[in-house]
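J.: starting from these lines, generate the structure:
(one chain, ligands or ions: 1)
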Amino acid sequence: EKPVPTEKEMMRKRHRYISPILSISYQRPIHVKKAAFQYMYDARGNSFLDAYNNIPHVGHCHPRVVEAGQRQMAELNTNTRYLYDLLHQYAEKLLSKFPKPLNKVFFVNSGSAASDLAIRLAQAHTKRQNLLVMEHGYHGNTQIGIDISDYKFNNPKGQGQKPHIFKTALPDTYCGLYSQNDGTAGLAYAQDAIRHLEKIQSPMAAFIAEPIVGCGGQVPLAKGYLKPMYEAIRKQGGVCISDEVQVGFGRLGACFWGFEAQEVVPDIVILGKPMGNGHPIGAVVTTDKIATSFEKGVEFFSSFGGNPVSCAIGMAVLAVLEEENLQDNSRIVGNYYVRRLKELQKQHPCIGDIRGSGLFLGIDIVKEGTKEPDPQLAQHLKNELRNRHILVSTDGPFDNVIKSKPPLCFSKENVDLVVNGLDSILKDHC
Ligand code: PMP
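T.: Predicted structure coming up:
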């Protein structure tokens, strides 16, 4: 048997062909070989608890999803220029998860392609260019994706904010101007944003936001924020876009889509990551009216978007979500997770905030007794957990927020492992 190469050797091979602009997680990168449900296995046979990966939504390599893909791959795969049952069957099933006005879907292959198309739809429908985007938001790697992502264009190495892009303050109740998360802060943030909007000469084509801002550090929009925002944008004749790439498909536990938590119905929804459990599918869901406006322009075509294999996989993901009650599991295990983290917070004042919903959580690591971010400690926790075979990541403008968004089959025992791991690392650290 061939000896397992060292991580250093693997890195050398990788960087011979792959640019280091694609970063790797952890001080000690992991040479992964296999995965199943919420576990990953390295080349030496070590197992890791995946408390981080947003994408294998119903569990890594779920046998139902794998089987659906394999079966369809052996039968038919083609572009959408033919008639085949799976396309309308999957579209119907997916749209059944949305409120009535959202009744048209465009399939693509990534969240970025979905964001790009969503903006094109909005601009075609409104015949305008201006876009209102969220502070610290991220929506994709295409040029349009970067143009609308403060996280990218506002980076010191970024391209800067284009003249048609307008940014609004993140309605954060932990760190921002307003903190009463009973609707008061949400309304105050929205009123500020609306005042700012009124000062802009030409109206918006669209407003785009995630219900919980992932790259912002897992920050849920303040309660009651989106309703007045959506009203103001629509009053201008603009459309409202919800990016559900990270939070969608039941991850938040209490609701299937993030926008439901804000009691709004968007005009356009962006889907990706969990939709194919790792298979590259994305989609834009919208209204008849917006789809009709877009139809007046040049033809839209995607070679792989909505291909039979992707549809079969997407169908299997939805079936597993239902059959295994994974949204309920996300709610129950997520509530337990928050409870255990709050207990931990009492012993460790470096845990400034615990936020999120279901299995989409952020742990804000701060300097004791302040709200000042402590990225060094957050990185230490992430890397030490990895050394204990537990995978989490960090995010936020200061990279001090530990994010946990595991496959929805995560269990309370898995939560205990993460929380006990954090506890023991923090005890050793003090
Ligand atoms: N929107 C959000 C909120 C995301 O987090 C991401 C990916 N991190 C994207 C869009 C882009 O998705 P993809 O990487 O599949 O292109």
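
J.: tell me the residues of this structure that contact the ligand?
T.: With CB under 6 Å from any ligand atom as the criterion, the chain meets the ligand at residues 110-112, 115, 138-141, 210, 214, 243, 245-246, 272-273. C-beta: built from backbone N, CA, C; applies to glycine.

J.: out of those, which are inside helices?
T.: Among the residues of the chain next to the ligand, the members falling in helices (DSSP state H) are 111, 112, 115.

J.: related to what we said a few turns ago, now, the residues of the chain next to the ligand that are in strands?
T.: The strands, defined by DSSP state E, take in residue 243 from the residues of the chain next to the ligand.

J.: any idea which residue of the stretch 151-300 of the chain lies closest to the ligand?
T.: Nearest to the ligand in the stretch 151-300 of the chain, going by CB to the nearest ligand atom, is residue 245, at a distance of 3.6 Å.

J.: and that residue, what pLDDT?
T.: On pLDDT, residue 245 comes in at 98.

J.: work out which residue lies at the spatial centre of the protein.
T.: Centroid check for the chain by CA atoms, centre = their mean gives residue 246 as the closest residue, at 1.6 Å.

J.: and for the residue in the chain that the ligand sits nearest to, the neighbour number?
T.: Using CB to the nearest ligand atom, the single residue of the chain nearest to the ligand is residue 111, 2.3 Å away. Residue neighbour count, defined by other CB atoms under 10 Å, stands at 26 for residue 111.

J.: residue 276 is in contact with that one, correct?
T.: No: using CB atoms under 8 Å, residue 111 is not in contact with residue 276; the gap is 11.0 Å.

J.: going on from the top helix by length along the chain, what's the next piece of helix or strand?
T.: In the chain, with assignment by DSSP H, the single longest helix is helix 326-347. As assigned by DSSP states H and E, the chain's next helix or strand after helix 326-347 is strand 351-357.

J.: quick one: residues in contact with that next one.
T.: Here strand 351-357 makes contact (CB atoms under 8 Å, 6 or more residues apart in numbering) with 174, 212, 218-220, 252-254, 261, 334, 338, 341-342, 344-345, 361-366, 370-371.

J.: show me those that map onto strands.
T.: Reading strands off the contacts of strand 351-357 with DSSP E, I get 212, 219, 220, 361, 362, 363, 364, 365.

J.: so what are the domain limits for this structure?
T.: Using automatic domain parsing, the domain parsing of the chain gives 7-58+325-429, 63-323.

J.: just say which of these is most tucked in.
T.: domain 63-323 (a mean of 20; mean count of other CB atoms under 10 Å).

J.: start to end distance for that one?
T.: One end of domain 63-323 to the other measures 14 Å (CA to CA, to the nearest Å).

J.: circling back: between the residues of the chain next to the ligand, which is closest to residue 99?
T.: Of all these, residue 243 has the smallest distance to residue 99: 17.0 Å, by CB to CB.

J.: from what I can see the closest one touches residue 209, true?
T.: Yes: if you go by CB under 8 Å, residue 243 and residue 209 touch, sitting 6.9 Å apart.

J.: overlap in contacts of those two?
T.: residue 137.

J.: could you pull out the helices for the stretch 51-200 of the chain?
T.: Applying DSSP state H, counting those that start in this stretch to the stretch 51-200 of the chain gives helices spanning 63-75, 85-95, 111-126, 143-147, 150-153, 184-199.

J.: could those be laid out in a markdown table, adding mean pLDDT?
T.: A markdown table is the format used below for these (pLDDT from 0 to 100):
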| stretch | mean pLDDT |
| --- | --- |
| helix 63-75 | 98 |
| helix 85-95 | 98 |
| helix 111-126 | 98 |
| helix 143-147 | 98 |
| helix 150-153 | 97 |
| helix 184-199 | 97 |
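
J.: indicate which one of the ones you listed is closest to residue 287.
T.: Closest approach to residue 287 among the helices of the stretch 51-200 of the chain is made by helix 111-126 (9.2 Å; CB to CB).

J.: identify the residues contacting the closest one?
T.: 106, 108, 129, 131, 139-142, 144-145, 148, 205-206, 208, 237-239, 241, 243, 245, 267-268, 270-273, 282-284, 286, 289-291, 293-294, 296-297, 300, 302, 305.

J.: among those, which are located in strands?
T.: 106, 108, 131, 206, 208, 239, 241, 243, 268, 270-271, 282-284, 286.

J.: returning to what we had before: how about the residue nearest to the centre of the chain, nearest residue that isn't a chain neighbour?
T.: Take residue 246 and drop its neighbours on the chain: the residue closest to it by CB to CB, 6 or more residues apart in numbering is residue 214, 4.6 Å away.

J.: what are the phi and psi values at the one you found?
T.: Main-chain torsions, residue 214, degrees, to the nearest 10: phi -60, psi -60.

J.: hang on, isn't it packed against residue 138?
T.: Yes: at 6.8 Å, residue 214 counts as touching residue 138 under the criterion of CB under 8 Å.

J.: low-confidence ranges, the stretch 301-430 of the chain, go.
T.: Along the stretch 301-430 of the chain, the model assigns pLDDT under 70 to residues 430.

J.: let's see it at 50
T.: For the stretch 301-430 of the chain, applying pLDDT under 50 flags no range at all.

J.: can you tell me the SS state at residue 421?
T.: Secondary structure, DSSP: H, G, I helix; E, B strand; the rest coil: residue 421 is helix.

J.: do the one 3 residues further on as well
T.: Secondary structure assignment for residue 424 (three-state DSSP): helix.

J.: any idea how far residue 381 is from it?
T.: 11 Å (CB to CB, to the nearest Å).

J.: before we move on, what about residue 363?
T.: 8 Å.

J.: again, but for residue 334
T.: Counting by CB to CB - residue 334 and residue 381 are separated by 20 Å.

J.: residue 229 now?
T.: As judged by CB to CB, residue 229 and residue 381 stand 34 Å apart.

J.: do residue 353 as well
T.: 15 Å.

J.: residue 69 too?
T.: Residue 69 is 36 Å from residue 381, by CB to CB.

J.: tell me the phi and psi of residue 302?
T.: Per degrees, to the nearest 10, the backbone of residue 302 is at phi -130, psi 120.

J.: correct me if wrong: it contacts residue 110.
T.: No: using CB under 8 Å, residue 302 is not in contact with residue 110; the gap is 10.5 Å.

J.: residue contacts, residue 49?
T.: Taking CB under 8 Å, 6+ apart as the test, what residue 49 contacts is 38, 39, 389, 390, 391, 414, 417, 418.

J.: what's the closest non-adjacent residue to it?
T.: That would be residue 390: by CB to CB, 6+ apart, it lies 4.9 Å from residue 49.

J.: for residue 335, see how far away the one you found is.
T.: Here residue 390 is placed at a distance of 20 Å from residue 335 (CB to CB).

J.: many thanks, I have nothing further to ask.
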